[in-house]
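**Q** how does the following fold in three dimensions:
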Amino acid sequence: MASSPSMADQRASPSMADQHDVNTWTEDEITQLIIPKCDRDLIPRIGQAFRTLEEGVQFYYRYANTSGFGTRLSCRKKADDGTITHRHIVCNRAGLKSDSKSSSSKKSTKPKKKRKTVSTRVDCMARIVFRLEAVVGYVVHDFSEEHTHHMVPASKRHLMKSRRNVGYVHQMFLLCGMKANIGPMRTFRFFKEIVGNYDDVGCTSIDFKNYARDLRVHTEGVDAKILLDNLKKKQEKSQGFKYYFETDEEAQLKRMFWSDETSIQNYQKFGDAVSFDATYSTNRYKLIFTPFTGKDNHGRCVTFGAALISNEDVDSYTWVLNKFVECIGSHPLVFITDQDLAMKIAIENVLPKTSHRLCMWHILMKVVEKLPRHLRDNTELKERFNNIVWSDLVEPHEFEQNWHRFMEEYDLFESRWFTDMFHRRANWVSSYFRDVKMSGLFRTTSMSESENSFFRRHFNKDANVVQLFMHYESAMDAQRTSYDTITMADETSSFDMCTDLRIEVHASNIYTNKIFKDEIQPEIVAAAVSCLMARMYDEGNLSYYEVDDTVHGVFKVCYSSIDDHFSCSCKLFIRKGWLCKHIFFVMRTRKLNKIPEKYIIARWTKLSQMSQTPHEQNMPEPVVVKDDLPIQKFFLEVCKSFGHVRGDSSLGQQLYNDLKGITDKYLKLGVPFDSMSKHAMFEEFYGVPKPTEIDVLPPPVVHTKGSGCGGRRKSTREKMIEQALKPKRRCRKCNQMVNHDSRNCPGKDVTDELVDV
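**A** The predicted model follows:
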């Protein structure tokens, strides 16, 4: 370790360097300088020429990385035409930490607390200067290799900032993880497991977090506009995709609705009954997410569309329902919601022919608190009440008789809540939906609750509206893939038969496995095992069968020989779309081996048995614009290659050589590695460039019905009464039995008031 002969000259003429590059070391201290050890071919030489400045800079970067120190761009000089004539690059530990002092002339009454920070600056003198020379290019004009600090050990050099690079592969992992609602820390750990160890990752977890931060900053204030541009682009690619939006007076996004082609087709198959419920905490603006949910032929959730609204008022729900009908093209038979008054009014205005049903679970959850205190622990009362309101085997007039008998027995006629719910009975009691087609699919909003739970697993409460839509698409992909998986299993599997009836075999081939196992097969088995003929008689072309199922009593089945029509007084086929055990019993009596086609509802059948609806037949073919080959395709092919050579070292070495040869090939072509800028990656991720003109602003943070204090504000007197009812203890300060202790004793006057209350 020794100083270079030109050191004194370099210190004497610092005109080309900035103030922080000036060396302040004495001659005695120069003998302690460190010259890094490195391959001679990597060490720059004064007079060494490069065609471009970039080549020279990259050459010095390689020298620094190999030697074990970082670099920093310093001052530069430009010609009149803007060409850089001189470029200084220094060690990242050059200069000294500046002693920042407040420039304010006003004296603060309190001394400002200084933040404790560390500094890497040790006044290092290592640097290189490139100068532009005619014809030759950029020449090393000045070079100093002496450092005032030790080099980074080889085992720690992967942590140097110059070696930490969030490259294209890192960015793709991060962006794909964000689409799947996976945070940067989990993505970093996953990436580490793929490459083997932290040394090979190429960056740190902090770099991943900073990249995620930059992605959020990229859309700050423009995310609503980016989302709308993205939706417009999707609509241009596929005519089946539809979206609508509205802004307020300040051009802020107020509400929007969207549905793609697959969702619309699913509605044509399964849209006879729709469940609708609001979801909270799905985005940073607290916009209310409201999906339209149905039940598919496997009894699982299926999404018909979704909306974002800023207010849960009549106007917002009316707008959403109007756009839903405009997009879908028809009204559902049944629409089930909770007891939201604004939603009820909107449904009456937009869907007058749709049967609106209230969620029974939300209603029955209030029964206990509405009962008198002495009846709240009466389990027999609760069981009887449930049997009355849940039963869909009795007619409305029978329900009313049972209700009045129950109210009289337990003296509940004076209860305002029970009286009010009786007036609304046509909207929630099962008896009033016996004649409504497919009304039995939903008696509660449990499907919506399940759907909301599903979306919460994919959503992030801190996401902006663009990220929320990406998470929605990711959730839809998961939902539809799950549907395809179950459908495939239906096509390739079957259940064991429980009877020797051929009609059971026919049903197993027609209906999906889920519906057959849980609904159809139990009805057929009950028809064969537990049903008895109580009475049979004919009236003209009509035959009547009174069937006793030994569980719920006797039900009357009517058969018309004119059109082979069956009907049962239990009305299960009307409510749910499949035949009851009573009709199956009569079919068995009449020796039918197959279910008549008129009683096979397409929505419950297997996919191969489902014919297209008229809407589907007339639907135009989607116009799809072909995109560039996605990066995921490349990654998939590489993974397949790994699978082929796994376990064979010679083939593995050959694959490695082939991949390295491809990399070298493109390197020789002059294609820069990781050439895409961060902002270009962001634009590729969001699908559209960052807008320059903003005509739609992000919405403000809204306050929903699901937020706030969570209930009615209590008066001071109510609070004092509740406080007085709490168990008392002796206060050592006032020496009384009260609800406080010596630390928060309010004094004698307030204590007396609490006691009096």
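**Q** enumerate every residue touching the most centrally placed residue in the chain.
**A** Centroid-nearest residue in the chain: residue 459, 2.1 Å away (criterion: Cα atoms, centre = their mean). By Cβ atoms under 8 Å, 6 or more residues apart in numbering, the contact list for residue 459 reads 181, 282, 283, 289, 468, 471, 472, 475. (Each C-beta comes from the backbone N, C-alpha and C, glycine too.)
**Q** state the pLDDT value of it.
**A** Looking at residue 459, its pLDDT is 91.
**Q** about what we covered before: which of the contacts of residue 459 fall in helices?
**A** Counting by DSSP state H, these place 468, 471, 472, 475 in helices.
**Q** for those residues, work out which two are farthest apart.
**A** Across the ones in helices among the contacts of residue 459, the longest distance by Cβ to Cβ is 10.3 Å; it joins 468 and 475.
**Q** who has more neighbours, those two?
**A** residue 468 (26 against 22; other Cβ atoms under 10 Å).
**Q** give me the element residue 524 is part of.
**A** For residue 524, the element it lies in under DSSP states H and E is helix 521-529.
**Q** so residue 87, which state does it fall into?
**A** strand (DSSP: H, G, I helix; E, B strand; the rest coil).
**Q** got a list of what it touches?
**A** Contacts of residue 87 (Cβ under 8 Å, 6+ apart): 53, 56, 57, 73, 76, 129, 130, 138.
**Q** how close does the last one get to residue 162?
**A** Read it as residue 138. Distance, residue 138 to residue 162, using Cβ to Cβ, to the nearest Å: 20 Å.
**Q** rewinding a little: other SSEs contacting the helix holding residue 524?
**A** Helix 521-529 sits against helix 502-510, helix 581-589, with contacts defined as 3 or more Cβ pairs under 8 Å, 6 or more residues apart in numbering; DSSP states H and E.
**Q** just the terminal-to-terminal distance for stretch 681-701.
**A** 28 Å (Cα to Cα, to the nearest Å).
**Q** against residue 268, how distant is the residue nearest to residue 274 when sequence neighbours are not counted?
**A** If the residues on either side of it in the chain are set aside, residue 274 comes closest to residue 332, at 4.4 Å by Cβ to Cβ, 6 or more residues apart in numbering. Separation of residue 332 from residue 268 (Cβ to Cβ) stands at 11 Å.
**Q** of those two, which one has the most company?
**A** Neighbour comparison, residue 332 and residue 268: the larger count goes to residue 332, with 24 against 17 (by other Cβ under 10 Å).
**Q** who touches that one in this structure?
**A** 271, 272, 273, 274, 351, 354.
**Q** so what's the residue count around residue 239?
**A** 14.
**Q** so where's the stretch 51-200 of the chain uncertain?
**A** 99-116 (pLDDT under 70).
**Q** that one: helices as residue ranges?
**A** 53-67, 168-179, 184-195 (DSSP state H, counting those that start in this stretch).
**Q** now distance to residue 206 too, for those, in a markdown table please.
**A** Output for those, formatted as a markdown table (distance: least, Cβ to Cβ, whole Å):
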| stretch | distance to residue 206 |
| --- | --- |
| helix 53-67 | 19 |
| helix 168-179 | 13 |
| helix 184-195 | 9 |
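**Q** point out the most buried one among the ones you listed.
**A** helix 168-179 (a mean of 19; mean count of other Cβ atoms under 10 Å).
**Q** about what we covered before: between the helices of the stretch 51-200 of the chain, which gets nearest to residue 686?
**A** Closest among those, once you apply Cβ to Cβ, is helix 168-179, at 9.6 Å.
**Q** outside of the closest one itself, list whatever touches it.
**A** Contacts of helix 168-179 (Cβ under 8 Å, 6+ apart): 166, 183-184, 186-187, 190-191, 202-203, 207-208, 211-212, 215, 467, 470-471, 473-474, 631-632, 635, 674, 676, 678, 681, 685.
**Q** type out the PyMOL command that picks the buried ones from those residues.
**A** Applying 16 or more other Cβ atoms under 10 Å to these, the buried members can be selected in PyMOL as follows:
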select buried, resi 166+184+187+191+202+203+207+208+211+212+215+467+470+471+474+681+685
